[in-house]
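Q: generate coordinates for the sequence data below:
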Amino acid sequence: MHDIEVINDPAAAEVTLDPIRAELLAALAEPGSATTLAAQIGLTRQKVNYHLRALETHGLVELVEERKKGNVVERVLQATAASYVISPTALSAVAPDPGRAPDQLSARWLLALAARLVREVGDLITGAAAAKKPLATFAVDSEIRFATAADRAAFARELGDSVKTLVAKYHSETAPAGRDHRFVVGLHPKPKAASPLVSPSGAPDHQKDSRARRA
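A: All right, here's what the predicted structure looks like:
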């Protein structure tokens, strides 16, 4: 089971957007069967089996073991990942293109860069897993509180100058064995804490209450 998996297939993405199936995926962070899941989420075993087949068809859950109980074989399944991200590849016709209108001060351009990051890193993870090779990446996540807008602007200028200096120092245009890397730096206000979203059943949906640190 992976910590996170990127969904590229539009049909698989559509499956995960169903509230019941999303709830089943969350429940299957630990192995479970249609019988145990039915009791957990309040559906009949037949309905749970229907949804599990859809998830399994798209590779979102996998068989862990089969247990024979009398004349019945109970299938125990588990989600393939603890969490999922839908790649812009799933909406390729309308996926954001950072090259369309580059603007360092545009929040929408920052979002387009983030979408490209999800798409490219997702593809790289898939390829590395298939080749059974490690993937070299690096990330920094931090928070900073600016006293004034002027301080924020000064920070952005200094950061930009530092990045330009590092890129000029280490970039090698003609290295025969070199490999191009994507380097992205983003800065945005931290969203205010939101109330937990409510699932269709009326209970707080903690899966959707993201507390990720943002840079």
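Q: rest of the way, CA atoms for contacts and neighbours
A: Fine.
Q: in the sheet, who's paired with the residue positioned nearest the centre of the chain?
A: Centroid check for the chain by CA atoms, centre = their mean gives residue 85 as the closest residue, at 2.7 Å. Residue 85 has these beta-bridge partners by DSSP bridges: residue 6.
Q: max-length helix in the chain?
A: What stands out as the longest helix in the chain, according to DSSP state H, is helix 107-131.
Q: other SSEs contacting that one?
A: Judged by 3 or more CA pairs under 8 Å, 6 or more residues apart in numbering; DSSP states H and E, the packing partners of helix 107-131 are strand 2-7.
Q: contacts for the strand it packs on next, please.
A: Applying CA atoms under 8 Å, 6 or more residues apart in numbering, the external contacts of strand 2-7 come out as 13, 80, 81, 82, 83, 84, 85, 86, 87, 90, 118, 122.
Q: please report how far residue 76 lies from residue 36.
A: Separation of residue 76 from residue 36 (CA to CA, to the nearest Å): 9 Å.
Q: let me know the pLDDT of residue 214.
A: In this model, residue 214 is scored at 35, pLDDT.
Q: re the thing from before, make TSV out of the contacts of strand 2-7 and add pLDDT and distance to residue 70.
A: Listed next are those as TSV, based on pLDDT from 0 to 100; distance: CA to CA, whole Å:
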residue	pLDDT	distance to residue 70
13	94	37
80	95	29
81	93	31
82	92	32
83	92	35
84	93	36
85	92	40
86	92	41
87	91	43
90	90	43
118	93	47
122	89	43
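Q: surely residue 60 and residue 83 touch.
A: No. Taking CA atoms under 8 Å as the definition, residue 60 is not a contact partner of residue 83, at 10.4 Å.
Q: so which of those two has more stuff around it?
A: More crowded of residue 60 and residue 83, by other CA atoms under 10 Å: residue 60, with 22 against 16.
Q: among the contacts of strand 2-7, which ones are buried?
A: Applying 16 or more other CA atoms under 10 Å to the contacts of strand 2-7, the neighbour count classes 13, 80, 81, 82, 83, 84, 86, 87, 90, 118, 122 as buried.
Q: farthest pair in the residues you listed?
A: Using CA to CA, the pair of the buried ones among the contacts of strand 2-7 lying farthest apart is 82 and 90, separated by 19.9 Å.
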